[in-house]
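**Q** sharing a sequence plus its predicted fold:
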4 protein chains.
Amino acid sequence: MTNGRTVAPRRKVPRDKANDYSPESATARRDFAREETGVDLKHVGQYSFDPSILPGNIENFMGVAQVPIGLAGPLTINGEHAVGEFYIPMATTEGTLVASYNRGMRLISECGGVKTTVVEHSMQRSPVFEFEDALQARDFGRWVTQNFDAIKEAAERTTRSGKLQNIGQYTIGPLRFLRFNYTTGDAAGQNMTGKATLAACEWIMSNFSGKFKFMLSGNVDTDKKHSQINMLLTRGKRVVAEVVLKRDLLKSMMHVDSREMFRTRQISMAGAFLAHSSNNGAHAANGLTALFIATGQDVANIAESHSGVSYTQLLENGDYYWSITLTSLIVGTYGGGTGLATQRECLELLGCYGTGKADKFAEICAATVLAGETSLTSAILAGEWVSSHDQLGRNRP
Amino acid sequence: MTNGRTVAPRRKVPRDKANDYSPESATARRDFAREETGVDLKHVGQYSFDPSILPGNIENFMGVAQVPIGLAGPLTINGEHAVGEFYIPMATTEGTLVASYNRGMRLISECGGVKTTVVEHSMQRSPVFEFEDALQARDFGRWVTQNFDAIKEAAERTTRSGKLQNIGQYTIGPLRFLRFNYTTGDAAGQNMTGKATLAACEWIMSNFSGKFKFMLSGNVDTDKKHSQINMLLTRGKRVVAEVVLKRDLLKSMMHVDSREMFRTRQISMAGAFLAHSSNNGAHAANGLTALFIATGQDVANIAESHSGVSYTQLLENGDYYWSITLTSLIVGTYGGGTGLATQRECLELLGCYGTGKADKFAEICAATVLAGETSLTSAILAGEWVSSHDQLGRNRP
Amino acid sequence: MTNGRTVAPRRKVPRDKANDYSPESATARRDFAREETGVDLKHVGQYSFDPSILPGNIENFMGVAQVPIGLAGPLTINGEHAVGEFYIPMATTEGTLVASYNRGMRLISECGGVKTTVVEHSMQRSPVFEFEDALQARDFGRWVTQNFDAIKEAAERTTRSGKLQNIGQYTIGPLRFLRFNYTTGDAAGQNMTGKATLAACEWIMSNFSGKFKFMLSGNVDTDKKHSQINMLLTRGKRVVAEVVLKRDLLKSMMHVDSREMFRTRQISMAGAFLAHSSNNGAHAANGLTALFIATGQDVANIAESHSGVSYTQLLENGDYYWSITLTSLIVGTYGGGTGLATQRECLELLGCYGTGKADKFAEICAATVLAGETSLTSAILAGEWVSSHDQLGRNRP
Amino acid sequence: MTNGRTVAPRRKVPRDKANDYSPESATARRDFAREETGVDLKHVGQYSFDPSILPGNIENFMGVAQVPIGLAGPLTINGEHAVGEFYIPMATTEGTLVASYNRGMRLISECGGVKTTVVEHSMQRSPVFEFEDALQARDFGRWVTQNFDAIKEAAERTTRSGKLQNIGQYTIGPLRFLRFNYTTGDAAGQNMTGKATLAACEWIMSNFSGKFKFMLSGNVDTDKKHSQINMLLTRGKRVVAEVVLKRDLLKSMMHVDSREMFRTRQISMAGAFLAHSSNNGAHAANGLTALFIATGQDVANIAESHSGVSYTQLLENGDYYWSITLTSLIVGTYGGGTGLATQRECLELLGCYGTGKADKFAEICAATVLAGETSLTSAILAGEWVSSHDQLGRNRP
């Protein structure tokens, strides 16, 4: 007995070799799904764009997930790239989330806005070279350093916007992991760096005389996973958002005393250290995910992008300085899913579609995260956390 | 000069106090956005459901993100709860992803299917109690242990499906972090456990005679972030997927030798250990995110859910045993976004909508992840990684 | 050409099968060393005890390392077990260390002394059981829970002082790691728990009907290495030391403002979190190592014992509350090296030799660490760090 | 009531301002200790050197810890710097340790010896600079990069052997952590790098026009504690030891099948990853500590030095390739405690005393660790672990 609803010989999902990105192909797959499972994908079949825009974004297209978008803001940002007031589209199914971020944006804007800075940009691919012993691996490493210019040239021949900045080297036994670090313009850049690094490695293979084995990823990159190496050395963009919360406004708007907030901050930092968390703040992933879905980012990168470090100080006058540093924010405003129908509209809403916009978008991401941090932290302190979820969230079970 | 496109005094996003979950309210907000930013949210405004289903899922609703869904499978699962062949809806904008998972599903199914097991279920909230000194904190901890039954009763009065299993205790100085661990039926359960834990803490505050300060979260939980405590002690569900890949099929379908795969597995494990990654596998976040978006899961939980441990062995006959253990998989088939229009359809496609289905869905998640691991790992080994992205992915920049 | 100074066929170090723990045997080995290497071990041969006390502590005995001991203190401790003023023997070769700890002890004592509390005691051995699949592993885990009393009895039959408290269970794929947690009286207890756990596992092997493979350690213990599992769940003793540093004394004795100390504490916590350090304090290892060498502890346990968490608060009146929590302090006052000649004297100096003293000694360790933290942190802040090393430390190169 | 044995007003430990490094001063302190505690430090008072050699190594000298030394070996090393057969002095009080390492040395030597390579050398001090905001911090970072040569010159003026290699930069909010990385010749180099970095920072303070606060350590270094940054980026020396264990000898000498050893290696790696251990091997700290005590290393550095990564492969012919990489080995052959009486003799025994020997000594350390890994791992597999401890270790309690 099965509950996967199929009993007959495995049937393959239908594909149209001539043109698989048509409404007809999508319909054929939904029909197939209905035949196999009895489920009518009525809403999934409701989409407002022409599937012919989809090659490069999906295979076996059969429709869409309709993820509700709420509009939060305005959020005042005083960044290098993002300047002014922004309305933030947040795609989520979690009640309270938009309301909570909205509340934080109001507080931050009343306090004069959030300062944002992109401090680093580094996307990577980390191949590994295996030698007979550690000595050969070390010598290879020196050769790589000496030949950096040629390697860089080989890598950059494959891409217009990717620029190889440096190559980190890490040894375990006979293995030499190379961490190729690139700036990637306005694209997130994982594919670009993969391609460029392969070209670089091919150059290495042609030019290094020693014997070795090679693999394009040795799991040090670390793609689609949080890691300490990313937190330390940046993956994607390292972005800081800072605000000085005025003591009076914290009190009047959030019902929280800044001194008490700082006292409990000591607890949160100790707790995060003990648990060995990827982020010593509250819930960066919430705001980032909502923004990522809305704007066509690669949402799986939340695994990396949510990591960060909060650093705060209580000022002499009782105001509260709050910074968050996102260490591994992977975003793009060009390529990937950014050009799709609703995704592009949401990027445009932020003035962030296309080239020359990635840093601006990164700043908006960090500013949004900081808004969410101030709101949730205040709610926990003011004892409003569960009650607000009760009102707005779906606590049915 | 601003590029946030607003100059005038901050205007609030319009809300309709009488009924904010109507097409009119949504339209009003899109109109507002157009006035403020000049951007016409034409596609965002295209949704196929009645917004009156949205309370508890979003605030300031103005439309939807349309995220393309591809259909992968069939995937043969021999689980405790998921049995048979499954077609997997994957919502993503990343080219290659569906194709790659599909390839892995075919391999796994040809090898007889994947075995899946939910080994633990534990959702939590971790309040912190602060005392005058560590001695008082320790004594409080003993009191908590002695009064577990009453605390459990207080917690469980607030929920039908949440059951308090045990309370972990962690001391730093004068702080006692309590980690309340629940099973939560078919809901992901974060809100439920928050509410139950608050009730438990209120009981504690009424009944413990000592003096202390209290906060509902001390950042040990660790909600919406990866942490080692979650990897060790489980958050949500701990699920294992296992398969024995036949040597011949690995060769014929993936162009990979099982012995070489095992040899390079040693490298990947060393690399992940060195980088201190949240997952020593390849890209669990990819498949999980696509499934989460399609089925109305809280996608921000990818921050936690993507973490895991691969464990493999080369068998005497050259076949390859491969297991992945997701340590912190947070999913539900009831509550949250699971009942929304497209989301519910996708859960139904899997036979996973509603009560009694969460373990089945968790097994499908793990099985899907394993399919993706086998495919990407093989592609890296066979040197097909970049070339497949070139064909299917959008490598424009 | 070699620089290991031997060219001839390998010669074995001489042993006397009749009585290898005599001055003659030691001399024979020193003579052997001189013949092989030309080095006269004159000082190594100077020891003041009868080698017949050494069985169980060393093999191939040939002499001693003479490690200088400095006397620090008095240190006022208001603990549960350690009460009064203590003079601390510290064995080290690092200039400044004793002076620096001494300075911290003076400060702490002037401030009324340090409060100490042992909050947990848990020594472990973690065998691993491997099954055909995760389902069998999970079922085995349930069987272990059901049979805890019998397993405990089997374990405890092998030891007078070891008591099995509970068994943690951790699953990866088909593996079930069991973490046997014991209290071990006044011994550090690694050997005791190894033996008891082996007995328990033998009982399991005789009584569990399923098929599995077994190994006495699966590297989850984690013996002689720092790990997050130890920091979270305790290895050895979890001990807290707390002090309230008076603002005035901080100023007059250490030339540091308490408010500035608290401000920079935020930086240290952020830095430790970023680096992912085993201890967010300053240099716990220094004091512990000096105490461990002096008192015959297993010094290799510094790998585990040095990890900890500092938690501080600036009080309303400007005084500074400082706690450190050692999470994995492995010490004993009985067995191991505690009974050797100088080691026993140093334990006696602390009133800590023999049974019933381990908690007292653990409290002294934590108090000593805290003294060192206050001193070094103050020196860094007051800009005295390098200058004090210049005066006292050997900065020759 | 106190058990610290003192009741009267605190008495300070006596010091002789004229000459505190004399036998008389030491005696005065032992007498003082006896008066205060009633304990006669008879053995502690037995040392064979003139205390006048001790300035720069200890304060308040009162005698010595006599730590038994066993002689292990010979160990065949085929390194870059260490070549030939070595007899290893190991100072410990843990029964079995010397015997176990000795057994591993025999195995390794029979297999042809161990290959050793120092792959990196990097000692550091990490000051932190705090700015008004992240933008200023980033700009400062660029200025540092531009002024590297001058900073290097300022740093190197303070030391003959320290050479500044590069400066890592890490941002959190408004903080810029600089990680000054040096080679330090034959000294461990912590003091040297502290002094050089202070000089560099003073140059920065004189020459950078912006406003900032400065602290010589921001806890990113991470001195005397394990950290992931050290494991990744090296602290002290990164050293690799490699051996190919012959299948036959593993069987005949250790009673272990190489294939089974490789199978269980998968378990150990998974366990270490799950526990998040500082070392995925067995017990590096044991051998290192014994060597460190014997040779006058700063033993507290075991906190850092014990961390490492094992990487192994089963070869086609059934032989077993085993490498360990110590990532943070902090050793010196000059300065610190290396010149003391017994310590110097033990270094000389290894041909490692004085200048030009640090790499050789590092290689011996790594080789010794690898010997211990092979022995303990084999014992666990062959089921001899507890039984060998029973025979040789002191399992009394």
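**A** Perfect, thanks for sending it.

**Q** residue contacts, A:P127?
**A** For A:P127, the contact set (C-beta atoms under 8 Å, 6 or more residues apart in numbering or on different chains) comprises A:F177, A:L178, A:F180, A:T197, A:C201, A:F214, A:M215, A:L216, A:S217, A:G218. Quick note: C-beta positions are derived from backbone N, CA and C, even for glycine.

**Q** just curious, which of those residues is nearest to chain D?
**A** A:F177 (10.2 Å; C-beta to the nearest C-beta).

**Q** quick check: the closest one is in a strand.
**A** Yes. Note on A:F177: a strand contains this position according to DSSP: H, G, I helix; E, B strand; the rest coil.

**Q** touching, A:L340 and B:P68? I think so.
**A** Yes. Using C-beta atoms under 8 Å, A:L340 is in contact with B:P68, at 7.2 Å.

**Q** where do the contact lists of the two overlap?
**A** Common neighbours of A:L340 and B:P68, counting by C-beta under 8 Å, 6+ apart, are A:L54, A:N57, B:T93.

**Q** tell me where the stretch 101-250 of chain A has strands.
**A** In order along the chain, the stretch 101-250 of chain A carries the following strands (DSSP state E, counting those that start in this stretch): A:114-125, A:128-130, A:163-172, A:175-183, A:213-215, A:236-245.

**Q** related to what we said a few turns ago, just the buried residues from the contacts of A:P127, in ChimeraX please.
**A** Only the buried members of those enter the following ChimeraX selection, criterion being 16 or more other C-beta atoms under 10 Å in any protein chain shown:
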select /A:177,178,180,197,201,215,216,217,218
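
**Q** of all the contacts of A:P127, which comes closest to chain B?
**A** For these, the minimum distance to chain B (C-beta to the nearest C-beta) is 4.3 Å, reached by A:G218.

**Q** from chain C, how far off is the closest one?
**A** In this structure, A:G218 and chain C are 20 Å apart, going by C-beta to the nearest C-beta, to the nearest Å.

**Q** so where's the stretch 1-150 of chain A shaky on pLDDT?
**A** Regions of the stretch 1-150 of chain A meeting the criterion pLDDT under 70 cover residues A:1-2, A:4-9.

**Q** closest residue of it to chain D?
**A** Proximity of the stretch 1-150 of chain A to chain D (C-beta to the nearest C-beta) peaks at A:A134, 3.7 Å away.

**Q** neighbours of A:R157, just the number please.
**A** A:R157 is flanked by 11 other residues according to other C-beta atoms under 10 Å in any protein chain shown.

**Q** and for A:A18?
**A** The local packing count at A:A18 equals 7, with neighbours defined by other C-beta under 10 Å.

**Q** next: A:W203.
**A** For A:W203, the number of neighbouring residues by other C-beta under 10 Å comes to 18.

**Q** turn the shared contacts of A:L340 and B:P68 into JSON lines, including secondary structure and distance to C:A28.
**A** Written out in JSON lines, the entries for the shared contacts of A:L340 and B:P68 read as follows (DSSP: H, G, I helix; E, B strand; the rest coil; distance: C-beta to C-beta, whole Å):
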{"residue": "A:L54", "secondary structure": "coil", "distance to C:A28": "82"}
{"residue": "A:N57", "secondary structure": "coil", "distance to C:A28": "78"}
{"residue": "B:T93", "secondary structure": "coil", "distance to C:A28": "76"}
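
**Q** closest one of those residues to chain C?
**A** Of those, the one sitting nearest to chain C (C-beta to the nearest C-beta) turns out to be B:T93, at 32.0 Å.

**Q** for the closest one, which non-adjacent residue is spatially closest?
**A** Using C-beta to C-beta, 6 or more residues apart in numbering or on different chains and skipping the chain neighbours, the partner closest in space to B:T93 is A:G337 (2.6 Å).

**Q** so which helix or strand takes in A:C365?
**A** Here A:C365 is covered by helix A:358-382, with elements defined by DSSP states H and E.

**Q** that helix and chain B, are they touching?
**A** Yes. Remark: helix A:358-382 sits within contact range of chain B at A:K360, A:I380, A:L381, by C-beta under 8 Å from any C-beta of the partner chain.
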